[in-house]
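>>> sequence unknown, structure follows:
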């Protein structure tokens, strides 16, 4: 009895201490605006008690300066002009962007850069693919492309605009394929799947449990910047309800909406994350670019509980955390995601290799490079071109640590091997979207893996990647 009383007393003391800490943090935030040092010392997001109109007015006034500074950084790194392939398109006809787009320093050519050692590249500070910061890295949050906002205005933020031009993004809306009904082709019929049309589109195609899961995937739930609190970043009332899973993963694919990973602190060490496609999650064993979540159910639950609110449970409760029931809601949502298929690849055989009767000579040469000299296959194994593992490329070998765009450029650790099936439909590339085109991706890995590809070999490798 004495032991039980002692334990209860300890629990009460711990709860009291936690409450006192929370009240202390809240009192401090109300009495003074947190400094940068405060934010660096704390894992918690400062509580903002300023009136909405004051914050909105200040954000709108600062937006031109913030966006101009970010675009200056972006344009110093890339040629953002529109160049597209005349003979290669995504499923619904959008031309594929062509690169490389990265601007080289010091008058170097790609061939010269590819022959340099990591030490030389680092010392001369000529690595062209540095980590990509968020549009406003100290603030972060979900930001959606303008092409999407035009059709879904509730996703507009008054403080920021998306940065990458539309020609570097997936087509919108993307096609949607199901493993259970490949005979139907694009089951979205060219529409954005929403709460208004999901039943009409999928009744008779999905079973009742899957329809319920799809309903939840297109239902708005509160999120850090999109909710009803005074520290939201949405102006119009219809944006206060939140976002849906299929806002970022449009039609089970992606619109290239961007965010910051939720599980890294302090803020400047957080990483920009490009929304990955959900196509083919049924063959994957890791979810999330770097968190290595083990199941689709874990990923679905994590997104709602943590990623939506930057991993801050205090903010989640304040803004309207939606706790999904694991055995029913999460399960149904995951089951629908498991049905999302890759787009057709008519030049591949049953084993994911090129059919020589259908492939061009350039594509066949590219396939040979992929499995040999270019060193792609050890991680990207057919038929889906992933090994379902994580790898650390140690890209920090090529640049000196520095603060740029509000982000600390340091080692970034292991990232998952993304499937390459359907890769031509998912620009930009890498976990943070720093590689705008397939050509940029080939140049990046030619440098990082030190493969010494020639210009013709790079072109052939791109030709092969487009067939996947």
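Here it is on my side, so go on. Predicted, not measured: the structure shown is a model, and the values here were computed from it. Numbering: from 1, shown residues only.
>>> what residues does the lengthiest strand in the chain touch?
Counting residues, the longest strand in the chain under DSSP state E turns out to be strand 84-89. Outside strand 84-89, the residues that touch it by C-beta atoms under 8 Å, 6 or more residues apart in numbering are 95, 96, 97, 98, 167, 424, 466. Quick note: C-beta positions are derived from backbone N, CA and C, even for glycine.
>>> residues of it that come out buried?
For strand 84-89, a neighbour-count test (16 or more other C-beta atoms under 10 Å) marks 88, 89 as buried.
>>> now stretch 446-461
Applying 16+ other C-beta under 10 Å to stretch 446-461 flags 446, 447, 448, 451, 453, 457, 458, 460, 461 as buried.
>>> put together a markdown table for those residues, with pLDDT on each row.
As requested, the buried residues of stretch 446-461 are arranged in a markdown table below (pLDDT from 0 to 100):
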| residue | pLDDT |
| --- | --- |
| 446 | 98 |
| 447 | 98 |
| 448 | 98 |
| 451 | 97 |
| 453 | 98 |
| 457 | 98 |
| 458 | 98 |
| 460 | 98 |
| 461 | 98 |
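>>> which members of these are the farthest-apart pair?
Distance extremes for these: the farthest pair is 448 and 460 at 19.3 Å, using C-beta to C-beta.
>>> OK, contacts around the closest residue to residue 253 other than its chain neighbours?
Residue nearest to residue 253 in three dimensions, not counting chain neighbours: residue 174, with 4.0 Å by C-beta to C-beta, 6 or more residues apart in numbering. Contact partners of residue 174, counting by C-beta under 8 Å, 6+ apart, are 90, 91, 92, 188, 250, 251, 253, 254, 255, 425.
>>> those residues in helices, which ones?
Among the contacts of residue 174, DSSP state H puts none in helices.
>>> now the residues you listed in CSV, with neighbour count?
Output for these, formatted as CSV (neighbours: other C-beta atoms under 10 Å):
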residue, neighbour count
90, 19
91, 19
92, 16
188, 22
250, 30
251, 27
253, 30
254, 22
255, 27
425, 22
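>>> any chance of the residues you listed in CSV, with pLDDT and distance to residue 325 too?
Formatted as CSV, the contacts of residue 174 follow (pLDDT from 0 to 100; distance: C-beta to C-beta, whole Å):
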residue, pLDDT, distance to residue 325
90, 98, 37
91, 97, 35
92, 96, 36
188, 98, 28
250, 98, 25
251, 98, 25
253, 98, 27
254, 97, 27
255, 97, 28
425, 97, 33
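>>> tell me which of those is nearest to residue 125?
Nearest to residue 125 among the contacts of residue 174, counting by C-beta to C-beta, is residue 254 at 32.4 Å.
>>> between the buried residues of stretch 446-461, which is nearest residue 285?
Of the buried residues of stretch 446-461, the one sitting nearest to residue 285 (C-beta to C-beta) turns out to be residue 448, at 24.0 Å.
>>> doesn't residue 393 make contact with the closest one?
Yes: using C-beta atoms under 8 Å, residue 448 makes contact with residue 393 at a distance of 5.5 Å.
>>> where does this protein have low pLDDT?
Where the chain drops to pLDDT under 70, the residues are 1-41, 47-48, 237-239.
>>> could you pull out the strands for it?
Under DSSP E, the chain gives strands at 84-89, 95-97, 258-260, 272-274, 390-391, 402-404, 407-409, 415-416.
>>> return the most buried member of those strands.
Comparing the strands of the chain by mean neighbour count (mean count of other C-beta atoms under 10 Å), strand 258-260 comes out on top with a mean of 24.
>>> centre of the chain to that one, how far?
Taking C-alpha atoms, centre = their mean, to the nearest Å, the mean C-alpha location of strand 258-260 is offset from the chain mean by 6 Å.
>>> show me what it is packed against.
strand 272-274 (3 or more C-beta pairs under 8 Å, 6 or more residues apart in numbering; DSSP states H and E).
>>> among the buried residues of stretch 446-461, which one lies nearest to residue 320?
Proximity of the buried residues of stretch 446-461 to residue 320 (C-beta to C-beta) peaks at residue 448, which lies at 42.1 Å.
>>> for that closest one, which residues are in contact?
Contacts for residue 448 (C-beta under 8 Å, 6+ apart) come out as 393, 395, 398.
>>> could you measure the last one against residue 78, distance?
Here the criterion is C-beta to C-beta, to the nearest Å. By it, residue 398 lies 17 Å from residue 78.
>>> repeat for the first one
Going from residue 393 to residue 78 by C-beta to C-beta gives 20 Å.
>>> name the residues that touch stretch 410-421?
Contacts of stretch 410-421 (C-beta under 8 Å, 6+ apart): 131, 269, 271, 276, 279-280, 283-284, 286-290, 292, 342, 345, 352, 379-380, 383-396, 401, 430-431, 465, 468.
>>> buried stuff in it?
Applying a neighbour-count criterion of 16+ other C-beta under 10 Å, the buried positions in stretch 410-421 are 412, 415, 416, 417, 418, 419, 420, 421.
>>> one step back: identify whichever of the strands of the chain lies nearest to residue 211.
strand 258-260 (28.0 Å).
>>> residues contacting the closest one, please?
Strand 258-260 is contacted from outside by 134-135, 137, 140-143, 162, 248, 270-275, 307, 310, 433, using C-beta under 8 Å, 6+ apart.
>>> burial measure for residue 124, as a count.
13 (other C-beta atoms under 10 Å).
>>> measure it to residue 107 for me?
Residue 124 is 11 Å from residue 107, where distance means C-beta to C-beta.
>>> now do residue 70
Distance from residue 70 to residue 107, by C-beta to C-beta: 26 Å.
>>> and what of residue 157?
39 Å.
>>> what does residue 165 give?
26 Å.
>>> which one's more surrounded, those two?
Per other C-beta under 10 Å, whichever of residue 165 and residue 107 has more neighbours is residue 165, with 17 against 7.
>>> so who does the more buried one touch?
Neighbouring residues of residue 165 by C-beta under 8 Å, 6+ apart: 80, 82.
>>> and residue 256, how many neighbours?
Other residues within reach of residue 256, judged by other C-beta under 10 Å, total 26.
>>> in the contacts of strand 84-89, find the pair that's most separated.
Every pair of the contacts of strand 84-89 checked by C-beta to C-beta; the farthest is 167 and 466, at 16.2 Å.
>>> let me see the ranges of the helices in the stretch 251-400 of the chain.
Secondary structure of the stretch 251-400 of the chain (DSSP state H, counting those that start in this stretch): helices at 296-305, 313-319, 331-337, 361-371.
>>> no further questions, thank you.
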